[in-house]
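**Q** just need the structure, nothing else, for what follows:
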Amino acid sequence: MQAVSRTVGPDRVVGTHAPISSLTIFTHDRIVDWLLPGVPPSGKKLIIPMMAVVNIRGDRLYNEHIWWDQATALRQAGILPTHLPYPTPEGNRNLRLPVTGAESATMLADEASGTSNAMFGKDWGIQD
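**A** Have a look, this model is predicted:
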């Protein structure tokens, strides 16, 4: 895992999973039920940005909530396509899904590694 960021308050720690801010990086060489339940190994390297909110009461962990971008995980594993057929009144067209792969994770660690807000461009959404 690669640490990314962490914010600490009087009773909370906010960031990504273990340590609080991180990218979870691994090769999908086995079924990973907590991330891709029942999905056979793809053999691909996955880089998943994760975030956790940890609530501490006194000297004890009270609760922990962990989030990740499931679409990014599915895209990197090769399960979620870039385009899907989309019905319109004029007939079926292609819809480019607003999902990226590892590039979104690497931009979390290094903002200069890609282009922000690329999904607002004409190359996304319904395609001709």
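
**Q** need the contact list for the residue sitting furthest away from the middle of the chain.
**A** Counting by CA atoms, centre = their mean, the extreme residue of the chain relative to its mean C-alpha position is residue 90, 33.6 Å from that point. By CB atoms under 8 Å, 6 or more residues apart in numbering, residue 90 lies in contact with nothing. Using the backbone N, CA and C atoms, a C-beta is placed for each residue, glycine as well.

**Q** not including adjacent chain positions, what is the nearest residue to the residue nearest the centre of the chain?
**A** Nearest to the mean C-alpha position of the chain, by CA atoms, centre = their mean, lies residue 69 at 3.0 Å. Of all residues not flanking residue 69 in the chain, residue 49 sits nearest, at 6.2 Å (CB to CB, 6 or more residues apart in numbering).

**Q** who is the one you found paired with across the strands?
**A** residue 23 (DSSP bridges).

**Q** what's the span of stretch 76-89, first residue to last?
**A** From its first residue to its last, stretch 76-89 covers 32 Å (CA to CA, to the nearest Å).

**Q** now that stretch: buried residues?
**A** For stretch 76-89, a neighbour-count test (16 or more other CB atoms under 10 Å) marks 76, 77, 80 as buried.

**Q** sorry, back to before: tell me the pLDDT at the residue nearest to residue 69?
**A** Note for residue 49: predicted pLDDT of 88.

**Q** still on that earlier bit, with distance to residue 117 and secondary structure added, can I get the buried residues of stretch 76-89 in TSV?
**A** Converted to TSV, the buried residues of stretch 76-89 look like this (distance: CB to CB, whole Å; DSSP: H, G, I helix; E, B strand; the rest coil):
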residue	distance to residue 117	secondary structure
76	21	helix
77	25	coil
80	21	coil
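
**Q** turn those into CSV, including distance to residue 42.
**A** Shown next, in CSV, are those (distance: CB to CB, whole Å):
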residue, distance to residue 42
76, 8
77, 5
80, 12
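
**Q** nearest to residue 98 among those?
**A** Residue 98 has its nearest neighbour among the buried residues of stretch 76-89 in residue 80, at 11.4 Å by CB to CB.
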